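[1] Return a 3D structure for these sequence lines:
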Amino acid sequence: MSTSTSPQRTHRYLRLAIGGTVVVIFVAVLAAVPAFGWLSAISDYFYTPARNAFVGALIAASLALLALSGRGAERVILDAAALFAPLVALVPTVIGSGSVPGVDVPCSPCVPPVARPDVANGVVTYLVVLAVVLAVALVLRTLGQAPGSLFSIILGVIVLVLVTVTGLIAPEAFLSFAHVSATVIFFGLIAADAVLNAFWRTSSRTPPRWLRITYIAIAAVLVVDMIVLLAATFARRDADGAAPPWILVGEAVALVVFLLFWILQTWQRWDEDDPASLLPADRRLPPLRRAQATVDR
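    Predicted structure coming up:
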C-alpha cells in the first residue's frame, strides 16, 4: 500500500471539496423546489433560501481553485477562474416580474431593489479582500516567495479596476451584466483548462488518448453551452421576463460537465508527486513539436 504525502492529501481534499460544491448547489436548489417550484434558471434560486448554500459553495470553490493553481499556464487559468467565481455568487442574475414567487420586481428585468444592499456589501467586500490579496502577492513576489505569479497579479489588478470603475460609473450596467459575464468567463476558463489538460502532460505522464478526447469534448460542450446560455439570457430580457426552460437546463449542463471534468482530472492526478502542476519538474513547458509528437503517439 502506497503512503501519500501531506501535500498529496491536501491536494486531494481540495479537489474533492471543489467537486462537492457542485453537489451543494444542486441539493440547495432541489430543496427550494417544493416551496418555489422550478424557476427559469439555477441562478434565480439566489432569491430563495438556497442563496446561502449557493454563495457559500462558489466562495469555497474560489478559494480551493486559488490553492490548486500550481504553476505555468494552468496557474493563470485557475487563478482567473478563482477571481470570477465570487462575482457569479455575489452579483445575482436579473429577474422579471413574477419570475420568483414572493419577490417584488418593479424594474423588470433587473436585480430587485430588495437585493441591492446585499449585493453592494458583497462586492465591496470582494474588492477589499482582492486588494489585500494582491498586496500580499506583490510582497511575496518581491521577496522571491511567489515565482511565476506576475500574470495572475496583473489579471487581478485588471479585474479590481474594471469592477470598481464599472460599479461606480455604470452601476445599472454592472448589475445587469456582471453575473452573466462572470459565468461565461468562468466556464470559458474551465474549457480552456480542459484543452490544456488534453495537450500537455502532467508532471510525470501524458494523459491516455481516451482522456484527451474526453477533455476536448468537455471543452466543446462548455463553449456551445455558454453560447446557448448567452442567447437565452438576451432572449429572456427581450421577452420582459419570459422564461425559456433551456436556461435552467443549460446551467445544469454546465455544472454537470464541470463536475465530470473535475472528477476525471482528480482521478488523473490522484497519485501525482506534483499534482498541482501541468509542468515537468524543471518548470518549463516541453517544446511544442515534442509535446505534439507525444500527444500523437
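[2] CA atoms for contacts and neighbours, from now on please.
    Noted.
[3] Could you look up the SS state of the residue nearest to residue 196 when sequence neighbours are not counted?
    Spatial nearest neighbour of residue 196, chain neighbours left out: residue 74 (7.5 Å); criterion: CA to CA, 6 or more residues apart in numbering. Three-state call for residue 74 (DSSP: H, G, I helix; E, B strand; the rest coil): helix.
[4] I'd assumed residue 191 was in contact with residue 74.
    No. With contact defined as CA atoms under 8 Å, residue 74 does not count as touching residue 191 (11.6 Å).
[5] Roughly how far does the residue nearest to residue 196 sit from residue 197?
    9 Å (CA to CA, to the nearest Å).
[6] got it, and residue 147?
    22 Å.
[7] more crowded one of the two?
    Using other CA atoms under 10 Å as the criterion, residue 147 and residue 197 rank with residue 197 on top: 20 against 11.
[8] Now the more buried one: phi and psi?
    phi -70, psi -30 (degrees, to the nearest 10).
[9] That one contacts residue 215, correct?
    Yes. Assessed by CA under 8 Å, residue 197 is found in contact with residue 215 at 7.1 Å.
[10] now the strands for the stretch 151-297 of the chain?
    Here the stretch 151-297 of the chain has no strands by DSSP state E, counting those that start in this stretch.
[11] where does it dip in pLDDT?
    The model of the stretch 151-297 of the chain has pLDDT under 70 over residues 201-206, 236-245, 273-297.
[12] Tell me the secondary structure at residue 144.
    Under three-state DSSP, residue 144 comes out as coil.
[13] Ok, residue 38 next?
    Classification of residue 38 by three-state DSSP places it in coil.
[14] if I look at it, how far off is residue 208?
    For residue 38, the distance to residue 208 - CA to CA - is 40 Å.
[15] re the thing from before, could you check which of residue 74 and residue 191 has the larger neighbour count?
    Legend: neighbour count by other CA under 10 Å for residue 74 and residue 191, higher for residue 191 (25 against 22).
[16] Alpha carbons of stretch 210-220, as PDB, please.
    The C-alpha trace of stretch 210-220 is given here as PDB (Å, rounded to 0.1, in the frame of the first residue of the first chain):
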ATOM      1  CA  TRP A 210      -9.400   8.500 -24.500                       C
ATOM      2  CA  LEU A 211      -9.000  11.000 -21.700                       C
ATOM      3  CA  ARG A 212      -7.500  13.600 -24.100                       C
ATOM      4  CA  ILE A 213     -10.500  13.100 -26.400                       C
ATOM      5  CA  THR A 214     -12.900  13.400 -23.400                       C
ATOM      6  CA  TYR A 215     -11.200  16.700 -22.300                       C
ATOM      7  CA  ILE A 216     -11.700  18.100 -25.800                       C
ATOM      8  CA  ALA A 217     -15.300  17.100 -25.900                       C
ATOM      9  CA  ILE A 218     -15.900  18.700 -22.500                       C
ATOM     10  CA  ALA A 219     -14.400  21.900 -23.700                       C
ATOM     11  CA  ALA A 220     -16.600  21.900 -26.800                       C
END
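[17] can you pull the buried residues of it?
    211-212, 214-220 (16 or more other CA atoms under 10 Å).
[18] Which single one of those residues is nearest to residue 168?
    residue 219 (34.7 Å; CA to CA).
[19] residues in contact with the closest one?
    190-192, 194-195 (CA atoms under 8 Å, 6 or more residues apart in numbering).
[20] Switch those over to CSV; also include distance to residue 172.
    Shown next, in CSV, are these (distance: CA to CA, whole Å):
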residue, distance to residue 172
190, 28
191, 29
192, 30
194, 34
195, 35
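[21] If any of these are buried, give me the ChimeraX selection for them.
    Those of the contacts of residue 219 that count as buried under 16+ other CA under 10 Å are selected in ChimeraX with:
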select :190,191,192,194,195
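[22] Among the contacts of residue 219, name the ones in helices.
    190-192, 194-195 (DSSP state H).
[23] Go ahead and confirm residue 222 touches residue 188.
    Yes. Using CA under 8 Å, residue 222 is in contact with residue 188, at 7.1 Å.
[24] Looking at these two now, which is surrounded by more residues?
    residue 222 (26 against 20).
[25] Might you report the residue contacts of that one?
    With CA under 8 Å, 6+ apart, residue 222 has these contacts: 187-188, 191, 254, 257.
[26] ok, now which ones touch the closest residue in space to residue 194 that isn't next to it in sequence?
    Counting by CA to CA, 6+ apart, residue 194 lies nearest to residue 215, which is 5.1 Å off, once chain neighbours are set aside. By CA under 8 Å, 6+ apart, the contact set of residue 215 is 194-195, 197-198, 261.
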